[in-house]
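Q: Predicted model and sequence below, questions to follow.
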Amino acid sequence: MAQYARGAAAVAVIRLRNPPVNALSLTVLQALEDGLKKADADPSVKAVMICGENGKFSAGTDGFTRSHHWVTSRC
Ligand SMILES: CC/C=C\C/C=C/C(=O)SCCNC(=O)CCNC(=O)[C@H](O)C(C)(C)COP(=O)(O)OP(=O)(O)OC[C@H]1O[C@@H](n2cnc3c(N)ncnc32)[C@H](O)[C@@H]1OP(=O)(O)O
């Protein structure tokens, strides 16, 4: 998942949470999109910080998601 929170001042924080390496699964991508929409809808938010849990940002596309893209791109 990705957790939305309000940080200091006008900053929204979206924290990627998908142990062990915060890979971008479909669930994480959906939660990321939801968080960005929430920030966009809040006129007091002037910046969005995206970070990863446990001292890691993200390993990129989740292994499963990557296979899915590969299969669909060949159809
Ligand atoms: C239409 C196109 C859309 C998007 C294009 C997107 C492109 C990309 O995202 S490219 C990037 C894809 N990511 C990778 O190729 C990263 C591969 N991983 C690594 O290089 C390393 O794992 C790491 C540097 C991220 C971490 O290294 P290290 O600390 O040595 O840990 P491990 O390698 O032992 O990995 C721990 C654990 O995490 C699993 N894992 C790693 N990467 C992914 C991933 N991308 N998706 C899912 N899972 C991942 C790895 O298998 C290990 O799992 P186990 O402990 O269960 O074995």
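A: Okay, I see it. Numbering: from 1, shown residues only.

Q: Provide the secondary structure category for the spatially most central residue of the chain.
A: Residue closest to the average C-alpha location in the chain (CA atoms, centre = their mean): Leu32, at 3.5 Å. Secondary structure, DSSP: H, G, I helix; E, B strand; the rest coil: Leu32 is helix.

Q: residue contacts, it?
A: Ala2, Ile14, Leu16, Leu24, Ile50 (CB atoms under 8 Å, 6 or more residues apart in numbering). Every C-beta, even on glycine, is put in place using the N, C-alpha and C of the backbone.

Q: One more pass at 10 Å, please.
A: Shown in contact with Leu32 (CB atoms under 10 Å, 6 or more residues apart in numbering): Met1, Ala2, Tyr4, Ile14, Leu16, Leu24, Ile50, Ser58.

Q: mind listing the helices for the protein?
A: 26-41, 63-73 (DSSP state H).

Q: between those, which gets the lowest average pLDDT?
A: Here the helices of the chain differ in mean pLDDT, and the lowest is helix 63-73 at a mean of 55.

Q: ok, the residue of the chain found nearest the ligand - contacts?
A: The nearest approach of the chain to the ligand comes at Gly60, 2.7 Å away (CB to the nearest ligand atom). Listed by CB under 10 Å, 6+ apart, the contact set of Gly60 reads Val21, Asn22, Ala23, Leu24, Arg66.
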